[in-house]
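[1] A structural model of the following input is requested.
(one chain, ligands or ions: 1)
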Amino acid sequence: MKESLQHTTISLPVMEHFYTLQGEGYHQGRAAYFIRLGGCDVGCVWCDVKDSWETDKHPKYSIEYLINQVKKTSAEMVVITGGEPLMHNLDELTEEFQTAGLKTHIETSGAHPLSGQWDWICLSPKKFKAPLKPILHLAHELKVVIFNQSDFDWAKNMLLLFLQPANCTCNLNGIKPHK
Ligand code: SF4
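    The predicted structure is shown next:
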């Protein structure tokens, strides 16, 4: 198993970066600039971006270059995804992006320590490498990929163990809201 790549970064391996609409979750439909970082050790069997797994096969871009690319578009928010973006220390990246007036969003499995300053954290935990507990209390949004019954059972257990939606009036398949 690879260790976290936590270190101060001047440049980061990028598999792809592009301007689009956020297609999922709370911010669905908003203009966003996606940056898909290389590197992932979570190993989801159904992963549709396996090309992202190897960190070294992707070109490295400076933070300044990435900000310039975003600034050519109308995007006000940047979505850092992967791969597993938290395999990298993202303190410097998020500081520079926020200084440039951009909102910083991340999509992560939570399997590595959280770094960076985030306006929005989308946690997408995977049963192949469980999320670290601290991020469970910091995430703004939870996204669980359900591929089979086993995934659903695992997700239900996670909800029961960790999430306490105090004001939620919904009832997720028998999971009663916390009171
Ligand atoms: S965490 Fe994401 S990139 Fe990594 S294996 Fe799972 S689906 Fe693929």
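[2] Show me what from this structure comes close to the ligand.
    Counting by CB under 6 Å from any ligand atom, the residues of the chain close to the ligand are 40, 42-44, 47, 49, 52, 82-84, 109, 126. All C-beta spots, glycine's among them, are computed from the backbone N, C-alpha and C.
[3] Which one of those residues is nearest to Gly23?
    Distance to Gly23 across those (CB to CB) is lowest for Val49, with 14.4 Å.
[4] now the strands: where do they sit in this structure?
    Using DSSP state E, the strands of the chain run over 11-21, 31-37, 60-62, 77-81, 103-108, 120-123, 141-142.
[5] re earlier: scan the residues of the chain next to the ligand and report the most crowded one.
    Compared across these, Gly83 has the highest neighbour count, 29 neighbours, by other CB atoms under 10 Å.
[6] Please verify my assumption that it contacts Trp53.
    Yes - the pair Gly83 / Trp53 is scored as a contact, 7.1 Å apart, by CB atoms under 8 Å.
[7] which residues are in contact with both of the two?
    Both Gly83 and Trp53 are contacted by 39-40, under the criterion CB atoms under 8 Å, 6 or more residues apart in numbering.
[8] Show me what the most centrally placed residue in the chain is bridged to.
    Nearest residue to the geometric centre of the chain (CA atoms, centre = their mean): Glu107, 1.5 Å. Glu107 forms beta bridges with Cys122, as assigned by DSSP bridges.
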